[in-house]
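Trainee: What follows is a protein structure lacking sequence information:
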Ligand code: SF4
């Protein structure tokens, strides 16, 4: 565990949790619905993802078998509310093909893989990038892979807590090397970061309302690295 990063990350978590409380993110639904949501949420507001999932549920195709069988164009029409619907339909199909080709259509068999192999297999699937893979691993498979997104980068750059390079792997290592591999902690921490970035540490930050202002580099007027936005 890296000190003082671990202590600082714990302090930030404690303040966010005290300010916002438990976020109760996934799994609110079945693991399969979480996977579908993780793929559909790329570049989309969650409210629109929910509309797409509601369409799939109403069409009674929210299962691996039914989604594999449905025609690509019909699937694209159903996921239309989530945007980029043709690409997202193809990504869902690519995931299902991997699931049936390699695991007989069984999500539990895929999720039984050790974390590094699971991540590797997801990343080898067309349309699944690192953030989506880690969301699936953390929120659907229940394994400790810290999710990095644009909100994480924004908030922590402003706080003055950044890895040496601005790559996904470096950002993830900053968290996973400093924190214990605790699924509940990773789940809640990522949800709290997103809540904070959406409500207070917005593009134009509301620093006077922020629970982190006493420990924030930007709020204290120190020069930033120039990465925050
Ligand atoms: S003090 Fe301002 S910049 Fe710093 S985390 Fe809070 S809202 Fe963001």
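Mentor: Happy to help now that I have it. From a predicted model like this one, the values you see are computed outputs, not experimental measurements.

Trainee: near the ligand, which residues of the chain?
Mentor: Taking Cβ under 6 Å from any ligand atom as the criterion, the neighbours of the ligand within the chain are 155, 158-159, 200-201, 205-207, 210, 212-213, 216, 218-219. C-beta here means a position set from N, CA and C on the backbone, and glycine is covered the same way.

Trainee: Let's see that with 5 Å instead.
Mentor: By the rule Cβ under 5 Å from any ligand atom, the part of the chain lying against the ligand is 158, 200-201, 205, 207, 210, 212-213, 216, 218-219.

Trainee: List the contacts of residue 206.
Mentor: Residues near residue 206 by Cβ atoms under 8 Å, 6 or more residues apart in numbering: residue 200.

Trainee: swap in residue 92?
Mentor: Applying Cβ under 8 Å, 6+ apart, the residues near residue 92 are 36, 39-40, 67, 75, 79.

Trainee: between those, which is closest to residue 109?
Mentor: residue 67 (17.0 Å; Cβ to Cβ).

Trainee: number of nearby residues for that closest one?
Mentor: 20 (other Cβ atoms under 10 Å).

Trainee: ok, now residue 48?
Mentor: For residue 48, the number of neighbouring residues by other Cβ under 10 Å comes to 16.

Trainee: Any quick PyMOL command for the buried ones out of the residues of the chain next to the ligand?
Mentor: Buried members of these, defined by 16 or more other Cβ atoms under 10 Å, are picked up in PyMOL with:
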select buried, resi 158+200+201+205+210+212+213+216+218+219
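
Trainee: can you redo the residues of the chain next to the ligand as CSV with pLDDT?
Mentor: Shown next, in CSV, are these (pLDDT from 0 to 100):
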residue, pLDDT
158, 97
200, 98
201, 98
205, 97
207, 97
210, 98
212, 98
213, 97
216, 96
218, 95
219, 94
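
Trainee: Could you work out the most separated pair of the residues of the chain next to the ligand?
Mentor: Maximum distance among the residues of the chain next to the ligand (Cβ to Cβ): 12.4 Å, for 200 and 218.

Trainee: related to what we said a few turns ago, identify, from the contacts of residue 92, the entry nearest to the ligand.
Mentor: Lowest distance from the ligand to the contacts of residue 92 (Cβ to the nearest ligand atom) belongs to residue 40, with 28.4 Å.

Trainee: Quick check: the closest one touching residue 51?
Mentor: No: contact criterion Cβ atoms under 8 Å: residue 40 and residue 51 do not qualify, at 9.8 Å.

Trainee: more neighbours, those two?
Mentor: Legend: neighbour count by other Cβ under 10 Å for residue 40 and residue 51, higher for residue 40 (28 against 16).

Trainee: On the pLDDT front, check the more buried one for me.
Mentor: We have a pLDDT of 97 for residue 40.

Trainee: What of residue 101?
Mentor: pLDDT, read off for residue 101, is 98.
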